[in-house]
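Asks: Generate coordinates for the sequence data below:
(one chain, ligands or ions: 2)
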Amino acid sequence: MRVTILTSEAVPFAKTGGLGDVASALPKAIRAVSDVDASLVLPLYEQTNRALLREQLFDNLEVEWAGDIRRAAVWYSEATAAPTFLIDAPEYFARASVYGFRDDHERFAFFCRAALALQRRLGPPPDVVHVNDWPGGFAAAELRARRSFDDYYAHTRTLFSIHNLAYQGAFDPASLARLGFAYGEVHDAFLFEGAASALKAGLMLSDALSTVSRRYSYEIQTPQQGYGLDWLLRMRRDRLIGVTNGVDYDVWNPATDPHIAAHFSADDLAGKLECKRDLLRRFSLPEDLDRPIIAIISRLVAQKGYDLIQQAAGRMLETGAFFIALGAGAREYEDFLQVLRDHAPHRVGIYKGYAGEPLAHQIEAGADIFLMPSLYEPCGLNQMYSMRYGTVPVVRATGGLDDTVENFDRARGTGNGFKFQAYTADALLGSIYEALYCYAEPEVWRAIQLNGMRADNSWQAAARKYVELYRAVAQM
Ligand code: ADP
Ligand code: GLC
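Replies: Ligands and ions are numbered 1, 2, ... in the order given. Next up is the predicted model:
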């Protein structure tokens with residue numbers, strides 16, 4: 001069976017968030033647990049390190065585009081365990097960032113069309129095209145349209161994975177004709193609340209839908225978390241499944257991590273203290289190793305619960321803990337972090353911007369407590385990374401956070417983190433206080449750390465579920 005995975009980001013080529021980690025780990029895991037021939041296609045961005053590319057496969061891939069033919073180049077890479085093809089179209093992708101341009105709809109529509117055109121040049125059609133988030137909606141739409149007139153794609157089926165329902169790829173419906181979706185069922189599938197939505201088209205026109213945790217698969221069927229599309233997800237619920245993301249332990253493993261100051265594991269935690277010292281130095285904080293470090297790494301957007309962090313920050317610092325934050329995003333939150341740092345320079349460390357992999361690993365390794373007070377969280381990866389690094393997560397019980405973190409139960413000694421329900425600063429602080437009480441008792445803390453470090457969140461189980469899903473989708 002051949003599966004082609006389309007993504008807008010994948011480590012180590014380009015990453016803005018968790019999709020980058022997942023898109024790179026999943027095909028590798030699928031190949032490890034099955035004989036499915038999984039390959040990856042993504043755009044070649046300006047930020048992509050050219051040393052990762054092996055060769056240019058084509059310099060003349062013809063793409064039908066706006067009533068004309070455009071040519072794109074295609075590069076091949078074996079930088080990950082799955083064959084990867086990168087679409088080189090500088091007018092769309094040689095830009096300073098991955099997303100955030102007025103013509104994003106056009107950029108990713110072109111990417112999808114080129115990725116589908118590429119398959120013909122490579123050989124027999126894929127059995128399943130697996131697309132991710134709104135940029136993949138264009139591929140789902142095109143494949144649905146082609147099913148009726150294009151023999152090559154007559155038997156190819158589509159799986160659409162929702163990593164975040166809030167990003168909908170909205171644009172002016174007047175552009176639909178230019179993108180090649182001028183009429184019929186496919187055109188109408190884009191229409192949503194007066195705009196065109198690549199996400200809605202993908203959700204309507206794909207053969208099957210998945211999302212990145214079980215809990216989120218139910219939440220998005222409610223008006224509270226459906227972002228206007230809950231009706232559609234309820235309508236298609238027999239085609240919707242939640243598969244919780246895994247962790248690539250080749251990449252996120254404190255016993256082998258090349259980015260951290262000292263190695264450690266559940267059997268020998270000594271190196272973690274060295275990582276803590278290193279982290280404090282990196283942020284120019286005093287080397288006060290008894291003081292707990294509370295950390296957060298996230299995109300600075302409302303989703304991540306930064307409103308709560310803002311409200312709780314003062315009282316959190318009063319506990320005596322260090323606070324270290326890494327994040328890029330909204331100006332409002334960047335300013336807040338700066339003010340906090342200026343107010344308590346010996347207790348707060350900040351890095352504003354996208355730091356790449358090393359610093360994220362160093363924070364996971366050196367911190368004691370990791371915050372994820374998310375308003376919503378489709379899956380969340382950092383809580384699982386934290387656990388492996390003996391860093392105890394404090395999370396709100398939503399989406400994948402609820403599925404992967406178990407509240408610590410002192411009497412039974414079970415649980416790997418602290419979980420609160422209400423989206424309030426008081427609830428967040430309640431969990432932080434609880435975590436700090438436990439931190440003050442080294443044996444109790446050790447037990448929580450070990451529960452987390454020994455949890456198995458590897459991709460294996462998830463990859464098997466995807467393989468099952470691919471087989472089912474291919475039969476639809
Ligand atoms: P999301 O995909 O919603 O951003 P996830 O928890 O799934 O959330 O994944 C976030 C990923 O992005 C993690 O690998 C995290 O370390 C990384 N990350 C987030 N912000 C930054 C940043 N400013 N610098 C470096 N890495 C970051
Ligand atoms: C999205 C979600 C995040 C998830 C990631 C990977 O960016 O916000 O919760 O972990 O995708 O699936």
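Asks: Contacts only, for the residue of the chain found nearest ligand 2.
Replies: In the chain, the residue that lies nearest ligand 2 is G18 (2.9 Å; Cβ to the nearest ligand atom). Bear in mind the C-beta positions are built from the backbone N, C-alpha and C, glycine included. Contacts here follow Cβ atoms under 8 Å, 6 or more residues apart in numbering; on that basis G18 touches 163, 245, 379-381.
Asks: most neighbours, which of those?
Replies: Neighbour tally across those (other Cβ atoms under 10 Å): the maximum, 30 neighbours, falls on G380.
Asks: Whether the helix or strand encompassing A472 contacts ligand 2 - can you check?
Replies: A472 is part of helix 459-474 when elements are defined by DSSP states H and E. No. In this structure, helix 459-474 remains apart from ligand 2 according to Cβ under 6 Å from any ligand atom; the gap is never smaller than 10.7 Å.
Asks: Give me the mean pLDDT for that helix.
Replies: Helix 459-474 shows an average pLDDT of 97 in the prediction.
Asks: any chance you could map the helices in the stretch 301-450 of the chain?
Replies: Applying DSSP state H, counting those that start in this stretch to the stretch 301-450 of the chain gives helices spanning 306-318, 331-343, 357-366, 382-388, 399-404, 425-439, 442-453.
Asks: Could you export the ones you listed as a markdown table, including mean neighbour count, distance to ligand 1 and mean pLDDT?
Replies: A markdown table is the format used below for the helices of the stretch 301-450 of the chain (neighbours: other Cβ atoms under 10 Å; distance: least, Cβ to the nearest ligand atom, whole Å; pLDDT from 0 to 100):
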| stretch | mean neighbour count | distance to ligand 1 | mean pLDDT |
| --- | --- | --- | --- |
| helix 306-318 | 18 | 12 | 98 |
| helix 331-343 | 15 | 11 | 98 |
| helix 357-366 | 22 | 4 | 98 |
| helix 382-388 | 27 | 4 | 98 |
| helix 399-404 | 25 | 8 | 98 |
| helix 425-439 | 19 | 17 | 98 |
| helix 442-453 | 17 | 16 | 98 |
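Asks: For those helices, please prepare TSV with the additional fields distance to ligand 2.
Replies: TSV is the format used below for these (distance: least, Cβ to the nearest ligand atom, whole Å):
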stretch	distance to ligand 2
helix 306-318	14
helix 331-343	16
helix 357-366	14
helix 382-388	8
helix 399-404	6
helix 425-439	18
helix 442-453	17
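Asks: nearest to Y218, of those?
Replies: Taking Cβ to Cβ, helix 399-404 is the member of the helices of the stretch 301-450 of the chain nearest to Y218, at 9.6 Å.
Asks: returning to what we had before: quick one, which of the helices of the stretch 301-450 of the chain gets closest to F93.
Replies: Distances from F93 to each of those were compared using Cβ to Cβ; the shortest belongs to helix 357-366, at 21.3 Å.
Asks: Show me what that closest one is packed up against.
Replies: For helix 357-366, the helices and strands in contact under the criterion 3 or more Cβ pairs under 8 Å, 6 or more residues apart in numbering; DSSP states H and E are helix 270-282, strand 293-300, strand 322-329, helix 382-388.
Asks: and these, which is most packed in?
Replies: For these, the largest average neighbour count (mean count of other Cβ atoms under 10 Å) is found in helix 382-388, namely a mean of 27.
Asks: Show residues contacting that helix.
Replies: So helix 382-388 is contacted by 245-247, 249, 252-254, 297-298, 364, 367, 370, 372, 392-393, 395, 400-401, 404-405, 416-417, 452-453, 455, 457 (Cβ under 8 Å, 6+ apart).
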